[in-house]
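Asker: The sequence and its predicted three-dimensional model are supplied below.
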Amino acid sequence: MTSKNLLVELFVEELPPKALKKLGDAFANVLFDQLKALGLAGADSVVTAYASPRRLAAHVSHIWLKAEDKAVQQKLMPVSVGLDAAGNASPALLKKLQALGADLSDPKAAVAALKRAPDGKAEALFYDSLVTGATLDIGLQKALDEAIAKLPIPKVMSYQLETDCELPGWSSVHFVRPAHGLVALHGKTVVPVKALGLTAGHTTHGHRFEAALSPVMILDADSYADTLRSDGAVIASFAERKAEIARQLAAAAAQVGGGCKPIEDDALLDEVTALVERPNVLVCEFEKQFLDVPQECLILTMKANQKYFPLLDASDKLTNKFLVVSNISPADTSFVVGGNERVVRPRLADAKFFFDQDRKKTLASRVESLGKVVYHNKLGTQGERVQRVRVIAKAIAAQLGDATLVANADLAAQLAKTDLVTDMVGEFPELQGIMGGYYARNDGLGDEVAQAIEDHYKPRFAGDALPRNKAGVVVALADKLETLVGMFGISNLPTGDKDPFALRRHALGVIRMLVEKDLALDVNALVQSAVPAFGDKITDASAALVDFMFERLAGSLREQGYSAQEVESVLALRPQRLGDVAKRLAAVRAFAALPESPALAAANKRISNILKKTDDVDAHVSAVLLQEAAEKVLYAAMQTVVPQAQSQWEAGDYTASLQSLAALRVPVDAFFEDVMVNAEALDLRLNRLGLLKSLHVAMNRVADLSKLA
C-alpha cells in the first residue's frame with residue numbers, strides 16, 4: 001500500500017490578524033500530531049502550515065489510507081483474582097474479557113490463551129489482541145475535530161447554520177469566524193469528513209476581487225498552493241507572504257532613494273501579513289509641515305491606526321513618505337495611493353493639534369492635575385505618588401552626586417508624570433515619558449531634566465536601553481522602587497503568570513541599573529530608605545521585596561549562562577553592591593577550574609556544618625594553645641595567605657583573592673586528617689573552632705564556596 005499526500009483547508013471569514021499565525025500553526029500541528037498518533041502518518045511525513053486572512057490549511061506528506069494493525073498486550077488482573085484454585089475463570093475475569101471483545105464461546109480456551117507474567121510481587125494475567133488500524137476517513141475526522149477544538153481562539157463567535165435534514169431548522173455553531181468551506185484531499189480523492197456543519201469537497205475561494213476563477217478547483221493535494229496563487233490570486237503561505245512583503249518594502253524604499261528604509265517592526269509585519277492575501281506595496285506621502293510634530297507621534301499613529309510603514313532616512317529621521325501594503329493590484333494605483341493619503345492626513349492633523357495645544361501649558365502647571373488622577377485606591381493619587389517619588393529620588397541623588405544632581409532629579413521627578421494629563425498621551429498612552437521630554441525642552445528645562453523625564457520609565461522591557469544620564473537613573477530607580485515598595489507594602493504581589501503592575505519587570509529594571517551602572521548603593525538600604533515615604537499607607541515588606549529582587553537576579557544570571565552552583569554560591573552571601581556580582585561570578589568560575597577547588601569546597605562545606613552545630617564562635621586563635629603539628633602548619637599558612645587574600649579582596653580583585661586561598665588546600669586537608677576538632681579540653685576545642693571560624697570567614701568573602709561542593 002502506497003502513501004499519498006493530504007491537504008485539509010478550512011475556508012472562513014476574515015480571521016483576527018494578530019492571532020492568524022498562531023492559529024495557522026496550531027491547526028496544522030495538532031492535525032499532524034493526531035495523524036501520527038493514529039499511525040496514519042509515516043516516519044518521513046512532513047507538515048506544511050498555510051494561513052491567510054480567510055483560510056487555515058495543512059499539507060501533510062506520506063499519509064496512509066489505513067494504519068497498520070497493532071498487536072497489543074493488556075494487563076487484566078492478578079492470577080489470584082482471575083482464577084480459582086482449579087484454574088477456572090472467575091466472574092470478574094469473564095466480565096473483563098467480555099468487555100474487551102474476547103471470544104467466550106469456549107471459556108476454557110479463552111483462559112488458556114491468556115499469558116501469565118510476573119508483575120511486582122505477584123503474577124498477573126495478560127491478554128493479547130490485534131487492534132485494527134484506523135482508516136483515513138475515520139482517523140482524519142478525529143484529527144480534524146481535535147485540531148478545531150484545540151485552536152487558540154482569542155474570542156469565540158456563535159452563528160446560526162441551517163440544518164441539512166428532512167426537518168428544516170437552525171443549529172448554533174461556535175468558532176473563531178463563520179466557516180464557509182472545507183477541503184480534504186488525499187492525493188486526488190476527497191476524504192468525506194465533516195466539520196462546523198460543512199462537508200469536505202475539492203473547491204475553495206480565492207481573492208475577493210482578483211481571483212481568476214471562482215470557485216477555485218483544487219485537483220490534488222500537491223497543487224493547492226500553486227492553484228491558489230494562479231487561479232485564486234492568493235499566496236496561501238504566511239511565511240511566503242511575509243517574505244514577499246519584506247522584499248517589496250525594501251524595493252519600494254530603494255526606489256524612493258536617499259538611503260530611505262522602512263521602519264523595522266516585526267509585529268507590524270506579521271499583522272499586515274495577516275491582513276492581505278496578495279500584497280502590493282505602494283509609496284504614499286503626506287505634507288512636510290507635519291514633520292514639525294515629534295516623529296514618535298507620527299510613527300505611532302501611522303503604525304497603530306493605519307498599519308502603514310513609515311520611511312526613515314539614512315540618519316533614522318522620519319521622512320514625509322510612507323509605504324502601504326495593499327490587498328489589490330489595480331492597473332492604475334493612483335486611487336489607492338490617493339485614498340490612503342487622504343485617510344492618514346486627519347490622523348496627522350490630530351497629532352499636530354494635540355502637540356500644539358499641549359505646548360500652550362507648561363508641565364509645571366499640570367502638576368496640580370495629577371492630584372485628580374487615581375493611582376491606586378490604597379496608595380492614593382498620582383499626585384501623592386509623585387511626592388513619594390521625589391522623596392526617594394532626593395535620597396538616592398544625595399548618595400550618588402552633588403546638590404546639582406539632587407535639584408535636577410527632584411525637578412524631573414516632580415514633572416515626570418505630568419504628560420499623563422496631556423492630550424497627546426491621552427490619545428497615545430504609549431508616548432508617556434517621550435512627550436514629557438519634548439514638552440520639558442519646550443519649557444526650557446534643559447537636556448539633563450528633559451532626558452531624565454523621557455527616560456524615567458526605562459528599561460521598559462528586556463534588552464531596553466537604560467536612562468542616559470545620572471538624573472534619569474535616579475528618577476527611574478525612584479519610580480520603580482516606589483511601585484515595588486508600595487505594592488509589596490499592601491500585599492499586591494505577582495501570582496503565577498499574573499503581574500498586573502509589572503513588578504517582575506520593575507525589579508529587573510532596578511537590578512539592571514544597579515549592575516550595569518555599577519552604582520554605589522546597597523540593596524537593603526536602598527529598599528528600606530523608600531519605606532518612610534509612604535507614611536502609614538503600607539506595612540514594611542522590605543525584607544520580602546529584597547528576597548524577590550535576589551530571586552529575579554538569580555533567574556537573570558542563569559539566563560546569561562551562569563550555572564546554578566555559581567549563582568547560588570555568590571548570591572548566598574547577599575552581596576549588597578550588585579555591580580560586584582559579575583566580578584564575583586568570574587572569580588568563582590576561575591576558582592572552580594583550579595585543581596584545589598573540589599577539596600577546598602568540600603572542606604568549606606564541612607567547616608560550615610561543624611560551625612552550625614556550635615554556639616557563636618569567636619574567630620580568634622591563641623598560638624599558645626596550638627598543639628598538633630597540622631594545626632600549627634595551617635595557622636602559619638593562614639598568617640601568610642589570609643592577609644594577602646584580604647588585601648586583594650579589598651582591592652576588588654576577587655579572582656586573585658580566591659586563587660590565593662587555593663594555597664591552603666594541603667594544610668586544610670592535613671588538619672582534618674590529623675586534628676580532632678571537638679577535643680575534650682574546652683580551651684583546645686574553642687581554639688580549634690576559632691581557627692576554623694577564621695578560615696571560614698577568609699574563604700567566604702567572595703562567595704559561599706561550600707555551594708560548589
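Answerer: Received, thanks. Because the structure is predicted, anything quoted here is derived from the model rather than measured.
Asker: So residue 59 lies in a strand, does it not?
Answerer: Yes: looking at residue 59 with DSSP: H, G, I helix; E, B strand; the rest coil, it is inside a strand.
Asker: Return the distance of the closest residue to it other than its chain neighbours relative to residue 22.
Answerer: Among residues not flanking residue 59 along the chain, residue 48 sits closest, at 4.4 Å (C-beta to C-beta, 6 or more residues apart in numbering). C-beta here means a position set from N, CA and C on the backbone, and glycine is covered the same way. Per C-beta to C-beta, to the nearest Å, residue 48 is found 16 Å from residue 22.
Asker: Contact partners for the residue nearest to residue 59?
Answerer: 28, 58-60, 237 (C-beta atoms under 8 Å, 6 or more residues apart in numbering).
Asker: ditto for residue 486
Answerer: Counting by C-beta under 8 Å, 6+ apart, residue 486 touches 376, 379, 385, 388, 534, 537-538.
Asker: Next: residue 41.
Answerer: By C-beta under 8 Å, 6+ apart, the contact set of residue 41 is 32, 35, 60, 62-64.
Asker: most neighbours, which of the residues you listed?
Answerer: Compared across these, residue 35 has the highest neighbour count, 29 neighbours, by other C-beta atoms under 10 Å.
Asker: any idea of the pLDDT on the closest residue in space to it that isn't next to it in sequence?
Answerer: Spatially, and ignoring its direct neighbours in sequence, residue 35 is nearest to residue 41 (4.3 Å; C-beta to C-beta, 6+ apart). Note on residue 41: pLDDT of 92.
Asker: Which element, helix or strand, includes the residue lying farthest from the centre of the chain?
Answerer: Going by C-alpha atoms, centre = their mean, the residue of the chain most distant from its centre is residue 86, 64.3 Å out. According to DSSP states H and E, residue 86 maps onto no helix or strand at all.
Asker: Return the distance of it relative to residue 108.
Answerer: For residue 86, the distance to residue 108 - C-beta to C-beta - is 11 Å.
Asker: Just give me the neighbour total for the nearest residue to residue 350 once chain neighbours are set aside.
Answerer: Among residues not flanking residue 350 along the chain, residue 427 sits closest, at 7.2 Å (C-beta to C-beta, 6+ apart). When counting by other C-beta under 10 Å, one arrives at 15 neighbours for residue 427.
Asker: One more: residue 105?
Answerer: Using other C-beta under 10 Å: residue 105 sits among 7 other residues.
Asker: in terms of contact, does residue 480 touch residue 506 like I think?
Answerer: Yes: counting by C-beta atoms under 8 Å, residue 480 touches residue 506, with 4.3 Å between them.
Asker: which one of these two has more residues nearby?
Answerer: residue 480 (27 against 22).
Asker: Surely the more buried one is within a helix?
Answerer: Yes: assigned with three-state DSSP, residue 480 falls within a helix.
Asker: Where does the prediction get shaky in the stretch 501-650 of the chain?
Answerer: For the stretch 501-650 of the chain, applying pLDDT under 70 flags no range at all.
Asker: If we use 90, what do you get?
Answerer: Counting by pLDDT under 90, the stretch 501-650 of the chain shows low-confidence ranges at 591-628, 630-631, 633-635.
Asker: Walking through it, point out its helices one by one.
Answerer: For the stretch 501-650 of the chain, the helices defined by DSSP state H, counting those that start in this stretch occupy 503-516, 523-530, 542-559, 564-571, 581-592, 597-612, 629-650.
Asker: Next, format the contacts of residue 48 as a markdown table and append pLDDT and distance to residue 259.
Answerer: Below are these laid out as a markdown table (pLDDT from 0 to 100; distance: C-beta to C-beta, whole Å):
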| residue | pLDDT | distance to residue 259 |
| --- | --- | --- |
| 28 | 97 | 40 |
| 58 | 97 | 42 |
| 59 | 97 | 41 |
| 60 | 97 | 45 |
| 237 | 97 | 32 |
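Asker: can I get those residues in a markdown table with distance to residue 334?
Answerer: As requested, the contacts of residue 48 are exported to a markdown table (distance: C-beta to C-beta, whole Å):
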| residue | distance to residue 334 |
| --- | --- |
| 28 | 40 |
| 58 | 40 |
| 59 | 39 |
| 60 | 45 |
| 237 | 31 |
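Asker: Widest-spaced pair of those?
Answerer: Using C-beta to C-beta, those span at most 14.9 Å, a distance reached by 60 and 237.
Asker: returning to what we had before: show me which of the contacts of residue 486 is closest to residue 626.
Answerer: Nearest to residue 626, judged by C-beta to C-beta, of the contacts of residue 486 is residue 538 at 54.2 Å.
Asker: follow-up on the earlier one: identify the residues contacting the residue nearest to residue 350.
Answerer: Taking C-beta under 8 Å, 6+ apart as the contact definition, residue 427 lies against 350-351, 354.
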